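Participant: here is my input; please provide its structure:
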Amino acid sequence: MTEERPPSVDALARSIADVGLPHPLLVDAARAAIAAGVPGSARARAQAAARALLRRVVNATGVLLHTNLGRAPLGATGALGATNLELDLDTGRRGSRRAHAGRLLARAGGAEDALVVNNGAAAVLLALAALAAGRSVVVSRGELVEIGGGFRIPDVLAQSGARLVEVGTTNRTRLADYERALAHDPALILKVHRSNYRITGFTEEVEVAELVRLGRPVVVDLGSGLLDAACPWLAGGPPAWLAGEPAVRQTLATGATLVTFSGDKLLGGPQAGVLAGARVAVEACARHPLARALRPGGLVLGALQEAALAYLRRQGDAIPFWRMATLTVEQLRDRAAALGVGEVVELAAVPGGGTLPGVEIPSAGVAVPGDHSAALRAHEPPVIARVAENRTLCDLRTVDPADDGVVAAALRSAGATA
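Facilitator: Sure, this is the predicted structure:
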């Protein structure tokens, strides 16, 4: 009795060409299937590889800045083909990539200058490395935060070459604590906004204006990137759920030397980090060797430029995040009823992305009995929903109206009924 020979890797790969992957990836799937002794699994392996690729999904979770889904959704950008990224069109000589998005963001946020890097942690790292390497930095113990992915402020500070001086306690830090720390001759005082958690009860902290009066530069990591507490880009002014969120313009107006924040949170742009404030401080950061290692590319700067121009034009509707954040519950309820599938329900959306912990935004969507989340993820394009109390919930606050039909089709395809 002769043992059956395994199929040719190339032939097996060609037989699953309709999956749509490049041939080398189909070969990988075929080879893995044959090695596992299950040649028939090649198609499933190739399909799994295709699903793992970066692709568009519909966010129906109700989390406006969903980290797993890329945080702030982006609108169309014009950064296609060649651009004048580092070309001065007037002189024909080499220009600066700081001449575009950074300066526009500075203007929109009331800063003398601004510099863009590749994420928020990079902005903090660069500020500390440029302004405090080899010297002390004073931080309240209640602000030694850890952000997503295990990145901790003490670790970032250590990598910058600065020395940490902790003051106060976890829940209470007073001005006198900072005053005593001046004996360490600190290069600056770092204030970190606790954007992804809250400390309540017996608490005390020192405001930026009080820290400024100590006579040392104050750097504030705002994190979430609200440009102006007045929200002049929104016809109705700031929404109620935004109350108390520190903003770039107001923080700089109180005397902070520099603020750092993310581009893909409340700013509504791409993943980036921004340093904004006094020109001399921004220039020091721009001259530091790390600035080149941390700089973003043209696509990011192009998307940030579009966002900055929308702010300066006071066109909040041009920024997808603000469009979905300011929809009324009535508008969402009408859209939910128009889907024609599921029960129309009122929901509570959240900002997400490590911003405004505990804040809920009234919302609406549809609910269907059972857990259909896996079937929705398998739809094309995938629809990402949430499950609570054995019901699948699709929150329309985070769904672009153009995708309402996709949500309805995905629910029907999954066999979901009201």
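
Participant: and stretch 97-106, what's buried?
Facilitator: By 16 or more other CB atoms under 10 Å, the buried positions in stretch 97-106 come out as R97, R98, H100, A101, G102, R103, L104, L105, A106. In this view, the C-beta of every residue, glycine as well, is placed from N, C-alpha and C.

Participant: how is the residue nearest to I361 when sequence neighbours are not counted assigned, secondary-structure-wise?
Facilitator: Nearest non-adjacent residue to I361, counting by CB to CB, 6 or more residues apart in numbering: A349, 4.5 Å away. Classification of A349 using DSSP: H, G, I helix; E, B strand; the rest coil returns strand.

Participant: so who does A349 touch?
Facilitator: A349 is in contact with G62, V63, L64, E360, I361, P362, S363, D395, R397, T398, counting by CB atoms under 8 Å, 6 or more residues apart in numbering.

Participant: just put the buried residues of stretch 97-106 in TSV and tack on secondary structure and distance to L54.
Facilitator: Output for the buried residues of stretch 97-106, formatted as TSV (DSSP: H, G, I helix; E, B strand; the rest coil; distance: CB to CB, whole Å):
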residue	secondary structure	distance to L54
R97	helix	25
R98	helix	29
H100	coil	26
A101	helix	23
G102	helix	27
R103	helix	31
L104	helix	28
L105	helix	26
A106	helix	31
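
Participant: for V58, state which of those is nearest.
Facilitator: Distance ranking of the buried residues of stretch 97-106 against V58, using CB to CB, places A101 first at 28.2 Å.

Participant: do I have it right that the closest one meets L304?
Facilitator: Yes. Counting by CB atoms under 8 Å, L304 is a contact partner of A101 at 3.8 Å.

Participant: joint contacts of the two?
Facilitator: Common neighbours of A101 and L304 (CB under 8 Å, 6+ apart) are V116.

Participant: thinking again about what came up before, okay, the residue nearest to I361 and F151: tell me how far apart.
Facilitator: According to CB to CB, to the nearest Å, A349 stands 26 Å off from F151.

Participant: might one say that V300 is in contact with D264?
Facilitator: No. Here V300 lies out of contact with D264, judged by CB under 8 Å, at a distance of 9.8 Å.

Participant: which neighbours do these two have in common?
Facilitator: With CB under 8 Å, 6+ apart, V300 and D264 have common neighbours P270, Q271, A272.

Participant: just to revisit the earlier point, which one of V300 and D264 has more residues nearby?
Facilitator: D264 (26 against 23; other CB atoms under 10 Å).

Participant: taking the contacts of A349, tell me the two that lie furthest apart.
Facilitator: V63 and P362 (14.7 Å).

Participant: what about these two, which has more around it?
Facilitator: V63 (21 against 14).

Participant: what comes up buried for the lengthiest helix in the chain?
Facilitator: Taking DSSP state H as the criterion, the chain has its longest helix at helix 298-312. The neighbour-count criterion (16+ other CB under 10 Å) identifies G298, V300, L301, G302, A303, L304, Q305, E306, A307, A308, A310, Y311 as the buried residues of helix 298-312.

Participant: ok, stretch 277-289 next?
Facilitator: G277, A278, A281, V282, A284, C285, A286, H288.

Participant: where does it sit relative to the chain's centre, distance-wise?
Facilitator: The chain centroid and the centroid of stretch 277-289 are separated by 24 Å, computed with CA atoms, centre = their mean, to the nearest Å.

Participant: outside of it, which residues touch it?
Facilitator: Residues outside stretch 277-289 that contact it (CB under 8 Å, 6+ apart): 98, 111-115, 126-127, 129-131, 217, 252, 256-259, 275-276, 291.

Participant: sorry, back to before: and which of the buried residues of stretch 97-106 is nearest V344?
Facilitator: L105 (39.8 Å).

Participant: what about G358, neighbour count?
Facilitator: For G358, using other CB under 10 Å, the count is 8.

Participant: state the helix or strand in which it lies.
Facilitator: Assigned by DSSP states H and E, G358 falls within no helix or strand.

Participant: gap between the residue nearest to R55 when sequence neighbours are not counted and V399?
Facilitator: Closest residue to R55 apart from its sequence neighbours, by CB to CB, 6+ apart: P381 at 7.1 Å. Distance of P381 to V399, computed by CB to CB: 12 Å.

Participant: ditto for G340
Facilitator: Per CB to CB, G340 is found 15 Å from V399.

Participant: repeat for E306
Facilitator: Here the criterion is CB to CB. By it, E306 lies 22 Å from V399.

Participant: same thing with P238?
Facilitator: As judged by CB to CB, P238 and V399 stand 24 Å apart.

Participant: A278 too?
Facilitator: Distance from A278 to V399, by CB to CB: 41 Å.

Participant: equivalent analysis for L190, please.
Facilitator: With CB to CB as the criterion, L190 and V399 are 39 Å apart.

Participant: what about the two, which has more around it?
Facilitator: Neighbour totals were compared for L190 and V399, and L190 leads with 30 against 24 (other CB under 10 Å).

Participant: what packs against the one helix or strand that one maps to?
Facilitator: In this structure, L190 is located in strand 188-192 according to DSSP H and E. When contacts are defined as 3 or more CB pairs under 8 Å, 6 or more residues apart in numbering; DSSP states H and E, strand 188-192 packs onto helix 120-132, strand 136-140, helix 153-160, helix 208-212, strand 218-223.
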